[in-house]
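Q: sequence and computational prediction follow.
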Amino acid sequence: QAQLVESGGGLVQAGGSLRLSCAASGRTFSAFRMGWFRQAPGKEREFVAGIGRIKAITYYIDSVKGRFTISRDNAKKTVFLQMDTLKPEDTAVYYCNFLADDAWVPLESWGQGTQVTVSS
């Protein structure tokens, strides 16, 4: 069974930065696209960013383009999300997951997530 362990969240002022990490196990990490999702209070979970098996292929939702950078280390089975110029609307619990081949759809049950809180 796959396991996803997110870390790196915290409280930061608007304009600040955080780097999230996700240690993944239970699947052949390098064979899967990986993604970050987030869920804000009272809202549905949403896809934020994805990265292909080949690191150069990345995708971001419009609201984070130019501010967030997704990356991966296949040797360490870890995916990262560098978040810069954070805004209060980025406040959410952030999750990672393995992604389906043909859509930004999660494949596994969710981990515990990591809380990101951005103060204004």
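A: Yep, it's here. Residues are numbered from 1 along each chain as shown.

Q: C-alpha from now on. contacts and neighbour counts both.
A: Noted.

Q: strands of this structure, start to end?
A: Along the chain, counting by DSSP state E, strands occupy 3-7, 10-13, 18-25, 33-39, 46-51, 58-60, 68-73, 78-83, 92-99, 114-119.

Q: of all residues in the protein, which one is nearest the centre?
A: Geometric centre of the chain, nearest residue: residue 36, 2.4 Å, by CA atoms, centre = their mean.

Q: just for this protein, where's the confidence low?
A: The chain contains residues with pLDDT under 70 at 55.

Q: for the residue nearest to the centre of the chain, give me its contacts.
A: Residues near residue 36 by CA atoms under 8 Å, 6 or more residues apart in numbering: 47, 48, 49, 50, 81, 94, 95, 96, 97.

Q: that one and residue 120, how far apart?
A: 23 Å (CA to CA, to the nearest Å).

Q: ditto for residue 85
A: 12 Å.

Q: and for those two, which residues touch both?
A: Joint contacts of residue 85 and residue 120 (CA under 8 Å, 6+ apart) are residue 14.

Q: between the two, which is the more surrounded one?
A: In terms of neighbours (other CA atoms under 10 Å), residue 85 is the more surrounded of residue 85 and residue 120; the figures are 15 against 11.

Q: separation between that one and residue 69?
A: From residue 85 to residue 69 the distance is 12 Å (CA to CA).

Q: repeat that for residue 99.
A: Distance from residue 99 to residue 69, by CA to CA: 17 Å.

Q: would you reformat the strands of the chain as TSV and include distance to residue 108?
A: What follows is these, written out as TSV (distance: least, CA to CA, whole Å):
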stretch	distance to residue 108
strand 3-7	8
strand 10-13	24
strand 18-25	11
strand 33-39	11
strand 46-51	14
strand 58-60	20
strand 68-73	18
strand 78-83	15
strand 92-99	6
strand 114-119	17
